[in-house]
Structure formats: structure tokens, C-alpha cells
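Student: Sequence first, predicted model second:
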Amino acid sequence: MLNTVTTDDRETRITESREKIQAPFELDPTLCLYSPQDNVDSLEHPRIAHWIDYILHRYEPALPQAEKRVLLMMPCTKTKPYPFSSEHQAINSRLLAEGFAPVGQTYLPEELQDRLEPPFPRDVLNLSVLSNGKGTVIHRAVISEPMALVPYEDIAEYEDRPSPATAYDDPGLFEKRGNAVAPWRADSTATRVSATRWKWGEEEKRAYVLMHNEMARILADSLKRIGGYYTDRIAWVAPGLTHRSFVLGREERSAHNVPAYRKVGDARLDLVGANDHLPEGLKIEALPTTDHCKDAIRRLAARLGTDESKVGGVYSRGGANATPLALPELLDVLVRRVSG
């Protein structure tokens, strides 16, 4: 059952979560997921259950005829809706600059367009499929917990109902942040290690593996049904983070420095990725690689006129309030890959 216990601490976090949702969209407080246990419970939430059923059984992409059809999966962001985040704006702006243009007129609300800051063009908030007019189309989607896969065109609404993708906040699987806990829950086993940081206990670790593997399964089962629409399936996801772990198969994890299991008590629980479930012809390519990242750091240092050891902060923030995925040096990799 969904946990309904609230405390002052949870209410404070909900207040913080509201700030991440851009008007005219509004936060659904029942979709605030602050721990792995919250994530597992969310699979029974009516809005999430309906979404997952839609993705698994009814969703069909509408793609124009093209020689190359790319499914480009990007990470979810704390800012909702995703395209308004600095990370997605940087990625989409680069694709537009490289000659990809929307084939339709599916935009986020006009008031969001009015709040765009230079130099980003209005089309960064267009949710339609992109085409370069040279035989390549890009269908964008988002890898998200707790929804697994969110097609761009369904970010705001789907099946004549509001999408949960603009109404939730889920920092609950990011252990390294130190606050992915819900200490007000009866099943919390987290321990406080400082005024602002917590350490996961056994129940947090166990729930993390359960949710991780379920997200990977749903992602894989979705692609088993629709993956044949595409010639390429690319996950543009930051190295070392949970979204990449959702994707990678067992044999890929070592090369990407992604763990293959979690130790929970005396047990070793395997982390299963979507590629473990997918046949060879439907597997997802995870980019950028570790070599791409090393090269990007070298090139970033040259652009800034400094030593590689001194670009860590700029690199990790993607040059602004994002991740390395927004850096021009890494976006060069993405553009080369999608353009062939």
C-alpha cells in the first residue's frame, strides 16, 4: 500500500519539491518520492500504474518515413517539465543548431515559451519528432523513475489526461546525495551521519534493487514492443548514475564503471539492466562512453585555457546548472552519432 504518513519534515520537502515544477503545471504531493521505499510503493499509485500500463500495452510512436530513425532517450531532470530544464534546453538547442527541426507543432504551454531565456529558441520546447531533412529523424524520450519511459510528445498529457511527468518529484534513488531517505516511514532503516546527510540501511538498499530492476524490466518490455520502429536506440545518460544502470546489461557494466550488484545484509542482489532482457537487435547503446568523457575533459580544459585537473566543477555541472551531458564537447559525440 502507498505510505500516507506525513510529518513536518515531509511537508518541508514537499514545499521544496513544488519549486521544481514550472507553472502552469502543479505538483501532485502524492507523487513525491523521497526514498527507495517510496519508489516501490509508487508502482501501485493509480497515476503511475495507469502510465505504465499505457507504455507497456498501448503506446505507439508516430514517426515519419526515414532511412534512419533514432530513439534518443535522455535523463529525467529535477525541473519539470523536462524540456524546460537547462540540460534538455542545451541538448535540444544543439540538435536544432545542427539542422534538426520539429516536424509538428506540439509545444509546451505558451507561458513557458515566454519565460525562455536567450539564446534558447522557442523550438527547444517543441515536443515533436525532429528531422534533418536528409533521411534521419530523432524521436526523443526520457528515462524516468517511477515511469520508466516518457515519450516527449506525452510529457504534458496522454490519452486525454494530464501526464504524471509534469507533477512528480523523485530524488529517492540517488543514494550519493545523502538525502534520498524518508525517515518518517515505519520501514525506514536509514541512519543520520550529519545534520544534512543520511546513510541507507538494509531496507533502503533492498528497495533500491527492487525498483531498479523493475524500471529496467518495464523499459525493456516497452522496447520489445516498439523497438522495431527504430534503426537506433540511444540512451544519452550520465556515466555512473542510476539511469545508465537501468540500461546496461551485465557484460557492459564493468566498462562503464557501473556496479553489477548491491550487497544487502549477507545477500548479493544483482542489478539487472534493460539490455539483459532485450534481444541483440533491440539493445540500447549507452553514451557517452568513458573514453568520450576523458576526451571531453581534455578538450574542455583546452577551451578554458587551463589544466585538466582544474575543470572538475565546470565539467560536472555541464558548464552551468546541468550535468556533463550538456557540454558542447560531449554534445559533439551525440551529434556525430545521430547524424551518422
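Tutor: Everything's here; your move.
Student: What separation is there between P83 and Q65?
Tutor: Distance, P83 to Q65, using Cβ to Cβ, to the nearest Å: 25 Å. Using the backbone N, CA and C atoms, a C-beta is placed for each residue, glycine as well.
Student: Please say which of those two ends up with more neighbours.
Tutor: A side-by-side neighbour count of P83 and Q65, using other Cβ atoms under 10 Å, places P83 first with 25 against 7.
Student: ok, the residue lying closest to S188 once chain neighbours are set aside - contacts?
Tutor: For S188, ignoring the flanking residues on the chain, the nearest one in space by Cβ to Cβ, 6 or more residues apart in numbering is A182 at 5.9 Å. Contact partners of A182, counting by Cβ atoms under 8 Å, 6 or more residues apart in numbering, are 3, 10, 34-35, 37-38, 172, 188.
Student: for A182, helix, strand, or coil?
Tutor: Under DSSP: H, G, I helix; E, B strand; the rest coil, A182 falls in the coil class.
Student: so what pLDDT did it get?
Tutor: Listed pLDDT for A182 reads 97.
Student: can you give me phi and psi for the most centrally placed residue in the chain?
Tutor: For the chain, the residue nearest the mean C-alpha position is P75 (2.2 Å; Cα atoms, centre = their mean). Note on P75: its backbone torsions stand at phi -80, psi 150 [degrees, to the nearest 10].
Student: which stretch of helix or strand covers the closest residue to it other than its chain neighbours?
Tutor: Nearest non-adjacent residue to P75, counting by Cβ to Cβ, 6+ apart: H243, 4.6 Å away. Using DSSP states H and E, H243 falls within helix 242-247.
Student: same for that helix, what does it pack against?
Tutor: Judged by 3 or more Cβ pairs under 8 Å, 6 or more residues apart in numbering; DSSP states H and E, the packing partners of helix 242-247 are strand 136-144, helix 202-226, strand 232-236, helix 274-277.
Student: avg pLDDT for it?
Tutor: 96.
Student: Can you show me the helices along this protein?
Tutor: Assigned by DSSP state H, the helices in the chain fall at 8-18, 36-42, 46-57, 86-97, 110-114, 202-226, 242-247, 274-277, 290-304, 312-316, 328-339.
Student: how's this protein carved up into domains?
Tutor: Per automatic domain parsing, the domain ranges recorded for the chain read 8-287, 290-340.
Student: residues near the residue nearest to P75, how many?
Tutor: H243 has 22 neighbouring residues, counting by other Cβ under 10 Å.
Student: wait, what's in contact with it?
Tutor: Residues near H243 by Cβ under 8 Å, 6+ apart: 75-76, 143, 235, 237.
Student: again with R268
Tutor: 261-262.
Student: Tell me the pLDDT of it.
Tutor: For R268, the model assigns a pLDDT of 97.
Student: quick one: it from R262, how far?
Tutor: R268 is 8 Å from R262, by Cβ to Cβ.
Student: How about E157?
Tutor: 36 Å.
Student: and if you look at V237?
Tutor: Counting by Cβ to Cβ, the gap from V237 to R262 is 19 Å.
Student: What of G318?
Tutor: Relative to R262, and taking Cβ to Cβ, G318 is found at 28 Å.
Student: How about F84?
Tutor: Taken as Cβ to Cβ, the span from F84 to R262 is 33 Å.
Student: Ok, V247 next?
Tutor: 17 Å.
Student: Next: L96.
Tutor: Separation of L96 from R262 (Cβ to Cβ): 40 Å.
Student: Just the buried residues of stretch 198-216, please?
Tutor: Within stretch 198-216, the residues scored as buried using 16 or more other Cβ atoms under 10 Å are 198, 200, 203-216.
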